[in-house]
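Undergrad: have a look at this fold, sequence not included:
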């Protein structure tokens with residue numbers, strides 16, 4: 001009876017608040033059930049589970065936001081003028097968050113990368129382990145571009161960076177990638193011998209997976225309608241500066257083993273070109 005003495009908008013506030021709390025509880029319970037069901041599924045890889053959890057979290061967030069809009073629709077209409085002024089103030093105060101949301105939309109629209117991909121965003125390089133509407137979490141690889149080992153650091157990159165920074169996705173080709181190894185030599189050294197030893201080392205280390213890589217590139221060529229690169233190891237010469245020559249070795253490699261394959265090839269080459277005990 002007391003509520004009958006209140007204006008209509010005031011009478012609906014307790015009901016809307018109760019509906020909001022009940023809806024929030026329902027969304028949380030549904031998210032818990034979906035995450036638990038995903039965790040109990042057998043045969044899924046760790047990356048697939050991570051990707052599924054990210055999708056569940058994103059969908060539940062969108063459902064909750066849409067539910068709030070539906071529940072509070074009357075109040076939004078009633079206070080439309082005040083809401084516009086409030087939104088303008090919020091936009092000014094939360095400019096960076098809006099840019100982050102815009103970056104997330106750009107990432108999703110272009111399919112720039114997903115969980116498990118190895119990417120470079122600006123100076124940040126590593127494996128994507130988590131992403132949401134505001135930021136991307138990267139497990140850092142390094143140090144520098146020439147190394148492929150985890151540094152033990154996690155980098156959180158705001159999605160606003162995606163609006164003005166190129167993104168390099170090293171996992172675009174899938175399970176196999178083309179990798180380039182640079183071997184510098186002095187011009188006085190026997191670069192022809194070095195070229196032969198480097199190719200020999202590359203063929204020896206790539207022999208176990210080169211057929212799988214060739215088959216993968218054929219499938220990629222058909223699927224993506226592009227001219228896939230050859231998987232045969234090959235060497236190009238580069239005179240970077242006076243007195244020095246670089247041997248650029250291009251090889252196929254499993255996407256997750258580029259560092260190990262590179263190190264194995266370099267060790268074979270060094271043992272042949274600079275044998276132990278030889279004077280340099």
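TA: Ah, there it is. Worth saying up front: this structure is predicted, and the values here are computed from it rather than measured.
Undergrad: contacts and neighbour counts: CA atoms only from here.
TA: Fine.
Undergrad: checking residue 173 next. Helix, strand or coil?
TA: Put simply, residue 173 is coil when judged by DSSP: H, G, I helix; E, B strand; the rest coil.
Undergrad: actually residue 157, not the one I wrote
TA: Look at residue 157: counting by three-state DSSP, its state is strand.
Undergrad: my read: it touches residue 136, true?
TA: Yes. Assessed by CA atoms under 8 Å, residue 157 is found in contact with residue 136 at 5.1 Å.
Undergrad: just for this structure, where's the confidence low?
TA: Counting by pLDDT under 70, the chain has low-confidence residues at 1-12, 76, 79-81, 83, 144-147, 224-226, 228, 277-280.
Undergrad: what ranges do the strands span in it?
TA: Along the chain, the stretches classed as strands by DSSP state E are 118-121, 124-131, 135-142, 149-158, 167-169, 176-186, 234-241, 244-254.
Undergrad: distance to residue 31 for those strands - can I get that in CSV?
TA: Formatted as CSV, these follow (distance: least, CA to CA, whole Å):
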stretch, distance to residue 31
strand 118-121, 28
strand 124-131, 17
strand 135-142, 21
strand 149-158, 24
strand 167-169, 30
strand 176-186, 35
strand 234-241, 51
strand 244-254, 35
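Undergrad: now these in JSON lines, please, with extra columns for mean neighbour count and distance to residue 212.
TA: Listed next are those as JSON lines, based on neighbours: other CA atoms under 10 Å; distance: least, CA to CA, whole Å:
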{"stretch": "strand 118-121", "mean neighbour count": "21", "distance to residue 212": "21"}
{"stretch": "strand 124-131", "mean neighbour count": "22", "distance to residue 212": "23"}
{"stretch": "strand 135-142", "mean neighbour count": "20", "distance to residue 212": "26"}
{"stretch": "strand 149-158", "mean neighbour count": "15", "distance to residue 212": "24"}
{"stretch": "strand 167-169", "mean neighbour count": "17", "distance to residue 212": "22"}
{"stretch": "strand 176-186", "mean neighbour count": "18", "distance to residue 212": "9"}
{"stretch": "strand 234-241", "mean neighbour count": "13", "distance to residue 212": "18"}
{"stretch": "strand 244-254", "mean neighbour count": "21", "distance to residue 212": "10"}
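Undergrad: ok, now which ones touch the closest residue to residue 139 other than its chain neighbours?
TA: Leaving aside its sequence neighbours, residue 139 sits nearest to residue 154 (CA to CA, 6 or more residues apart in numbering; 4.6 Å). Residues in contact with residue 154 (CA atoms under 8 Å, 6 or more residues apart in numbering) are 137-140.
Undergrad: and the gap between residue 154 and residue 52?
TA: 21 Å (CA to CA, to the nearest Å).
Undergrad: and what of residue 238?
TA: For residue 238 relative to residue 52 (CA to CA), the value is 45 Å.
Undergrad: how far is the helix ranked longest in the chain from where the chain is centred?
TA: Across the chain, the longest stretch assigned as helix under DSSP state H is helix 8-40. Chain-centre distance of helix 8-40: 32 Å, with CA atoms, centre = their mean, to the nearest Å.
Undergrad: which helices and strands does that helix pack with?
TA: helix 46-71 (3 or more CA pairs under 8 Å, 6 or more residues apart in numbering; DSSP states H and E).
Undergrad: and the angle for the helix it packs on with helix 8-40?
TA: Angle, helix 46-71 to helix 8-40, by axes from the mean of the first three to the mean of the last three CA atoms, to 10 degrees: 170 degrees.
Undergrad: check which helices and strands helix 46-71 sits against.
TA: Counting contacts by 3+ CA pairs under 8 Å, 6+ apart, helix 46-71 is packed against helix 8-40, strand 124-131.
Undergrad: buried deepest among these, which one?
TA: The highest average neighbour count among the helices and strands packed on helix 46-71, using mean count of other CA atoms under 10 Å, belongs to strand 124-131 at a mean of 22.
Undergrad: list the strands paired with it, with their directions.
TA: Here strand 124-131 is paired, per DSSP bridges, with strand 118-121 (antiparallel), strand 135-142 (antiparallel).
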